[in-house]
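Provided below for reference: sequence and predicted model.
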Amino acid sequence: MSDLQSLIRQGEGEQLEFKKKTTHPSRISRTLVSLANTHGGRVLVGVDDDGRVVGVRDAEEEIYLLRQAAEFYADPPLTLKIRELEEDGRVILIVTVPESPHKPHRAQVADGDWRGYVRVRDESVQTSQLTEKALEHNDQLAMPRLEKLPLNKEELAVLEYLRQNPRITLPQYMKLLNIGQRRAYRTLIKLTLHGYIKHHDKQKEVYYTL
C-alpha cells in the first residue's frame, strides 16, 4: 500500500481534509486557517469526500489558488508546503499546514469580512471572540488535543442537561452551575474539541447539542 493510500485510509479528521479541487481561495482559506489555529495538518487536493483519488486537472492552477488563499485570504498570511504526487496517472497535491505560532489567524469570507476558524474533529468551526483570545494566549486548556478524558462534575452536568434538553447556550450553562463566563466557555469548548458535544453558530446565539 502506498503512503498516499495509508494516509487516505485514516479518513478525514482533526488534522486531515480531502478536497476534490480548490474552488475559490476564500473557501479553502477557512480550512487552512482552521488547521493553523489548531494543531496543523494536511489537505489532500484531488481526493473526494469518500477518499477516492480523482486527481487534479491543472496542478499549477491549484497551487496558484492555494498560495493566493494562504497569502491574501488569511491574516496573518500562512506558509504552506505543497508536494505533488502521482498515483495511477493522477496528480494529487499534499498541502501541509503547520500549527502556527502566530494565532489567531482569520480567513476572508467576503470583502471586509474576516473570521477565525478552528478544527473540531473533521470540520472547520467558526470561532468566537473568547476562542480567539484563548488562541492568542496559546491557552492549552482551551485548545487541547483530541483524546478521551475523564470528565469532572461540571463537564458531566453539561451532558446530563443535554440528555434532557435539546440544546444549551453559554448563559444557560453559567446559570445552571452558577459559574463565570470564562470558566463556562472553557468547559464547553473543551467538550466540543473532544467530541462530546457539537458547536452550532449559524443562528444569532451560539448553542451546543449532543
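Okay, I see it.

show me where pLDDT drops low in this structure?
Residue ranges of the chain with pLDDT under 70: 1, 128-149, 201-203.

Relative to residue 193, how far out is the spatially most central residue of it?
What sits nearest the mean C-alpha location of the chain, by C-alpha atoms, centre = their mean, is residue 119, with 1.8 Å. Counting by C-beta to C-beta, to the nearest Å, the gap from residue 119 to residue 193 is 9 Å. Backbone N, C-alpha and C define where each C-beta goes, glycine included.

do residue 74 as well
The value you get for residue 74 to residue 193, if C-beta to C-beta is used, is 21 Å.

now do residue 171
Distance, residue 171 to residue 193, by C-beta to C-beta: 21 Å.

same question, residue 105
Note on residue 105: its distance to residue 193, by C-beta to C-beta, is 17 Å.

Over to residue 56?
For residue 56 relative to residue 193 (C-beta to C-beta), the value is 31 Å.

do residue 24 as well
Relative to residue 193, residue 24 is positioned 28 Å away (C-beta to C-beta).

More neighbours: the two, which one.
residue 193 (23 against 11; other C-beta atoms under 10 Å).

The more buried one and residue 120 touch, don't they?
Yes: using C-beta atoms under 8 Å, residue 193 makes contact with residue 120 at a distance of 5.9 Å.

what residues does the helix or strand containing residue 83 touch?
Using DSSP states H and E, residue 83 maps to strand 81-87. Among residues not part of strand 81-87, those counted as contacts by C-beta atoms under 8 Å, 6 or more residues apart in numbering are 2, 4-5, 53, 59, 63, 66, 91-96, 98.

Please apply the same query to stretch 7-19.
Here stretch 7-19 has contacts from 1, 28, 31, 35, 38-49, 51, 53, 94, 119-122, 146, using C-beta under 8 Å, 6+ apart.

Selection in ChimeraX covering whichever of those are buried, please.
In ChimeraX syntax, the buried subset of these is picked out as below (16 or more other C-beta atoms under 10 Å):
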select :28,31,35,38,39,41,42,43,44,45,46,47,53,94,119,120,146
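
out of the contacts of stretch 7-19, which are inside helices?
Mapping the contacts of stretch 7-19 onto helices (DSSP state H) picks out 28, 31, 35.

Dump those to a markdown table, plus distance to residue 83.
Listed next are the ones in helices among the contacts of stretch 7-19 as a markdown table, based on distance: C-beta to C-beta, whole Å:
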| residue | distance to residue 83 |
| --- | --- |
| 28 | 16 |
| 31 | 17 |
| 35 | 16 |
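
in this structure, which spans are strands?
Counting by DSSP state E, the chain has strands at residues 16-19, 41-45, 74-75, 81-87, 90-97, 106-110, 113-120, 123-126, 168-169, 198-200, 207-209.

Quick check: residue 2 vs residue 59, distance?
For residue 2 relative to residue 59 (C-beta to C-beta), the value is 18 Å.

tell me the contacts of the nearest residue to residue 159 once chain neighbours are set aside?
Sequence neighbours aside, residue 196 is the residue nearest to residue 159 in space, at 6.5 Å (criterion: C-beta to C-beta, 6 or more residues apart in numbering). Residues counted as contacts of residue 196 (C-beta under 8 Å, 6+ apart) are 151, 155, 158, 159, 210.

show me what contacts the first one?
Contacts of residue 151 were listed using C-beta under 8 Å, 6+ apart, and they are 159, 196.

Cool, thanks, talk later.
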